[in-house]
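Visitor: give me a model of this one.
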Amino acid sequence: MIEQETADILGMSLQMKIIISCIIIVTAYLVDFLGCRLFVPLARKVAVRTSFKWDNYITDSNVVHNVFHLIPPITFQVALPMLFPGPAQWTGLLSKLFNIYIIFISCRLVCEFVSSMYAISNDSDILRDKPMKGVYQMVKVIVVCIGVILVIGVLLDKDFTTLLAGLGASAAVLMLIFKDTILGLVAGVQLSAHDMLRPGDWIMIDKYGINGTVEEVSLNTVKIRNWDKTIMTIPPYALVSESFKNWRGMRESDGRRVARSVRIDMNSVRFCTEEELERFAGEEWAQGLEMGKDTVNLKLFRAATEHYLRSRSEVNSDMMLMVRQLEPTPEGLPLQLYFFTTAKDWVPHEHIAADVMEQVIARMYQFGLKVYQKPSGADMAELGRKLG
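Guide: I've put the predicted structure just below:
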């Protein structure tokens, strides 16, 4: 039966074959047109009503469009040998053109599908914070490279494996050309596998003057917006081969650290007087402290400061909190306040830290302590007036 129909087709005149070919082409493109204009909008409406989100990304992209775009060339490619058998040169040229067109649409289809997968991963709670863009970009690059090799094979009438073997001989040149892409892919996989970097992380790289949030991690670049609103880009492998500071741990913790020092004039450090001991004995922070003639005013000031820090609601007293002395210097004795604020955003954190330091400096004089600072012009003028 099939052989009879094939014989009937072969026995048709050239004019009839051309008419049938036109009918096939028109029908195929009509299916393509109706599918894009009717089926795709209908599929989008159905996808919106479902409880899934991934189908929305598939229908909103050009994935389905490219599927319908494949129908005309594949249909004619199948019908061409049946309608025009034989080694005619023009039929061979048409076959090559349709093959190239099929490869082109197929590559577009796969790339659109990969883009949809990237959009779906961005909408996922698990993958949203992962630097997956570089991986998807690498998949697209591989698809395009395969498509180019297939097109060259069609034009030269060479097998895909033959061309691939030929490319293996020039692997060194290809690695040189795609060096940044290969390094970017490897770095992207390492950054993602070890969870070293996510979009939205605050990072610091002193070598490059980077201090800001990560906006995008792609195959070849990492885009960072600095706090001064400038944009800087660096290759991903720079983050793997060199060190950088990621502040994500601070954001995920229960507080943000404050480690600030005030320099005390060591000449003001002394034993407390009996009057001072009597005055401080009734304070809440002094309960439980042993105070005698050898009690130093700096010791009481440290105890009062720690009690003050623990009493503030903006300070997380469950985390490390202490007031400690650092190594004495020619500029005085540094007294460091080490604590964590519950506010982790920059502005409220700085306000709390500044308010604490202002309170500490103002309270020092109640203990007979003085802040050390280098003499200024006003100090020298006052000294001159006293000496004069």
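
Visitor: for the protein, which segments are assigned as strands?
Guide: Using DSSP state E, the strands assigned to the chain run over residues 202-205, 210-217, 222-226, 231-234, 245-246, 256-264, 322-325, 333-341.

Visitor: helices of the stretch 251-388 of the chain, start to end?
Guide: 274-281, 297-311, 346-364, 377-387 (DSSP state H, counting those that start in this stretch).

Visitor: quick one, which of these is nearest to residue 97?
Guide: Closest approach to residue 97 among the helices of the stretch 251-388 of the chain (CB to CB): helix 346-364, 60.3 Å. Every residue, glycine included, has its C-beta placed from N, CA and C.

Visitor: circling back: with mean neighbour count added, can I get the strands of the chain in JSON lines?
Guide: Below are those laid out as JSON lines (neighbours: other CB atoms under 10 Å):
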{"stretch": "strand 202-205", "mean neighbour count": "17"}
{"stretch": "strand 210-217", "mean neighbour count": "18"}
{"stretch": "strand 222-226", "mean neighbour count": "19"}
{"stretch": "strand 231-234", "mean neighbour count": "14"}
{"stretch": "strand 245-246", "mean neighbour count": "14"}
{"stretch": "strand 256-264", "mean neighbour count": "17"}
{"stretch": "strand 322-325", "mean neighbour count": "14"}
{"stretch": "strand 333-341", "mean neighbour count": "20"}
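
Visitor: re earlier: pick the most buried one from the helices of the stretch 251-388 of the chain.
Guide: For the helices of the stretch 251-388 of the chain, average neighbour numbers computed from mean count of other CB atoms under 10 Å are highest in helix 297-311, which has a mean of 18.

Visitor: quick one: mean pLDDT for it?
Guide: Per-residue pLDDT values across helix 297-311 average out to 93.

Visitor: now tell me what touches it from outside.
Guide: For helix 297-311, contacts defined as CB atoms under 8 Å, 6 or more residues apart in numbering pick out 264, 268-272, 276, 280, 283-286, 289, 291, 315, 317, 321-323, 333, 335, 337, 339, 356, 359-360, 363-364, 367-369.

Visitor: hmm, 7 Å instead?
Guide: Helix 297-311 is contacted by residues 264, 269-270, 272, 280, 284-285, 289, 315, 317, 321-323, 337, 339, 356, 359-360, 363-364, 367-369 when judged by CB atoms under 7 Å, 6 or more residues apart in numbering.

Visitor: wait, residue 44 sits on residue 61?
Guide: No: checked against CB atoms under 7 Å, the pair residue 44 and residue 61 is beyond contact range at 10.6 Å.
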